[in-house]
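Visitor: give me coordinates for this.
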Amino acid sequence: MTVRLALQTLLAPAPLALAGLIAATTATPGLAGSAQAATEWDMPTPYGDRTFHTVNIREFADDVRERTDGELDITVHPNGSLIEHPEIKNSVRRGIVPIGELIMSRLANENPIYEVDSVPYLASSYEEAQTLWEASREVIADELAKQQLRLLFAVPWPPQGIYTQEKIETAEDLANLKMRAYNKSSERLAQLVGAVPTQIEVPDIPTAFSTGRVDAMVTSPATGADTKAWDYLGHFNHTQLWLPKNMVIVSDKAFSRLDEATRQAVLDAAEAAETRGWQMSREETDEALQVLRDNGITVSEPSEELAATLKDVGETMTREWQDRAGEQGAQILETYRQMQQ
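Guide: Prediction:
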């Protein structure tokens with residue numbers, strides 16, 4: 001049985017004792033009996049192969065392999081096939097896998113700073129999102145470091161909008177709809193417009209709509225295109241609420257086991273992946289919107305009344321976030337506003 005097959009076979013129960021065994025076989029340089037063998041890393045991601053984030057991560061893995069002459073070989077496991085989204089961060093922290101990708105705002109219950117990119121209208125354009133990331137990156141990296149995790153890079157999704165079966169003109173049109181949520185901010189947004197938030201992971205979206213578990217969702221044009229939203233929805237309101245980011249993290253322990261040249265190669269590949277990923281996200285926005293239109297989704301801009309309501313929701317959620325985020329949040333906002341001047 002190969003090391004990777006052993007990981008996939010044994011991961012489901014994953015008690016702490018087993019986690020140590022898995023970590024020993026997957027996150028250490030070389031394999032037993034072959035001291036010169038390449039280091040092999042398994043990398044889980046929640047998203048499917050068509051998602052531009054996964055495409056970018058595969059390019060990152062290829063880049064690392066090339067920069068290290070094959071000495072570090074990263075195998076990407078998409079679509080939650082190795083580890084499901086809610087478990088990826090802790091799996092990296094515990095050493096079950098050395099590296100992984102997750103949406104940053106999923107960690108909001110640990111610390112509100114992780115959802116700074118999911119506050120409605122705090123940053124709703126790529127330019128604002130880039131500035132906000134520059135203002136928050138160091139604080140977020142320091143927080144991850146407390147758990148022996150290293151932030152490698154982060155890439156935004158296209159701006160988030162609202163998918164529904166029928167066209168929406170006002171917030172009242174969303175009242176009592178079961179709305180798919182994927183983080184704390186999307187849950188709170190649903191509550192404030194009178195909808196019922198329901199947690200659904202991306203791979204489960206089509207089934208959730210077909211079985212009536214949800215009636216609407218807040219997500220990006222890219223996710224709508226990837227999940228073929230036209231099969232179960234008719235409208236997309238391009239509200240551009242926020243641009244949430246996926247981040248790639250690595251275990252400090254696994255990273256420190258690499259030699260200096262390999263560590264630098266990983267950092268260089270990560271920098272390239274972040275630059276490439278932001279550009280891919282921009283391009284994906286326009287392409288995905290056109291895919292939605294081509295397949296019969298009606299794409300619209302928010303009415304004045306809906307926009308005004310959502311702006312009010314954004315102001316409420318900004319105040320709530322500031323209260324929760326405390327000194328770290330105040331530091332991020334102060335830096336962000338200074339950079340915008």
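Visitor: who's in contact with stretch 260-278?
Guide: When contacts are defined by C-beta atoms under 8 Å, 6 or more residues apart in numbering, stretch 260-278 is touched by residues 39, 52-53, 56-57, 59-60, 63-64, 67-68, 71-72, 126, 130, 152-156, 248, 250, 255-256, 258. Every C-beta, even on glycine, is put in place using the N, C-alpha and C of the backbone.
Visitor: next step: those residues restricted to helices.
Guide: Per DSSP state H, helices hold the following members of the contacts of stretch 260-278: 52-53, 56-57, 59-60, 63-64, 67, 126, 130, 255-256.
Visitor: out of these, which two sit at the greatest distance?
Guide: Distances among those were taken as C-beta to C-beta; the most separated pair is 126 and 256, at 34.2 Å.
Visitor: need the helices for this protein, in chain order.
Guide: Taking DSSP H as the criterion, the chain carries its helices at 3-10, 16-26, 52-67, 85-93, 126-145, 184-192, 205-210, 221-226, 252-256, 260-294, 304-340.
Visitor: with just CA atoms, put the shortest one into PDB.
Guide: It refers to helix 252-256. The C-alpha trace of helix 252-256 is given here as PDB (Å, rounded to 0.1, in the frame of the first residue of the first chain):
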ATOM      1  CA  ASP A 252       5.400  25.300  10.300                       C
ATOM      2  CA  LYS A 253       6.700  21.900  11.400                       C
ATOM      3  CA  ALA A 254       6.500  20.500   7.800                       C
ATOM      4  CA  PHE A 255       7.900  23.700   6.300                       C
ATOM      5  CA  SER A 256      10.900  23.800   8.700                       C
END
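Visitor: buried subset of the contacts of stretch 260-278?
Guide: The neighbour-count criterion (16 or more other C-beta atoms under 10 Å) marks 39, 52-53, 56-57, 59-60, 63-64, 67-68, 71-72, 126, 152-156, 248, 250, 255, 258 among these as buried.
Visitor: for residue 141, grab the count of nearby residues.
Guide: 16 (other C-beta atoms under 10 Å).
Visitor: so it makes contact with residue 151?
Guide: Yes. Taking contacts as C-beta atoms under 8 Å, residue 141 lies within contact range of residue 151: 4.3 Å.
Visitor: OK, contacts around the residue nearest in space to the middle of the chain?
Guide: When C-alpha atoms, centre = their mean is applied to the chain, the residue found nearest the centroid is residue 103 (2.2 Å). With contacts defined as C-beta under 8 Å, 6+ apart, the neighbours of residue 103 are 46, 85, 182-183, 244-247.
Visitor: now residue 144: closest residue in space, sequence neighbours ignored.
Guide: Once flanking residues are discounted, residue 144 sits nearest to residue 151: 5.3 Å by C-beta to C-beta, 6 or more residues apart in numbering.
Visitor: so the one you found makes contact with residue 139?
Guide: No. Using C-beta under 8 Å, residue 151 is not in contact with residue 139, being 10.7 Å away.
Visitor: picking that back up, what distance do you get for the residue nearest to the centre of the chain to residue 140?
Guide: As for residue 103, its distance to residue 140 is 13 Å (criterion: C-beta to C-beta, to the nearest Å).
Visitor: spit out the residues that contact these two alike.
Guide: When contacts are counted by C-beta under 8 Å, 6+ apart, residue 103 and residue 140 have residue 247 as shared neighbours.
Visitor: list the contacts of the residue nearest to residue 144.
Guide: Taking C-beta under 8 Å, 6+ apart, we find residue 151 in contact with 137, 140-141, 144, 247-249.
Visitor: I'd like those residues as a markdown table, with pLDDT and distance to residue 164 appended.
Guide: Written out in a markdown table, the entries for these read as follows (pLDDT from 0 to 100; distance: C-beta to C-beta, whole Å):
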| residue | pLDDT | distance to residue 164 |
| --- | --- | --- |
| 137 | 98 | 34 |
| 140 | 98 | 33 |
| 141 | 98 | 37 |
| 144 | 98 | 36 |
| 247 | 98 | 29 |
| 248 | 98 | 32 |
| 249 | 98 | 34 |
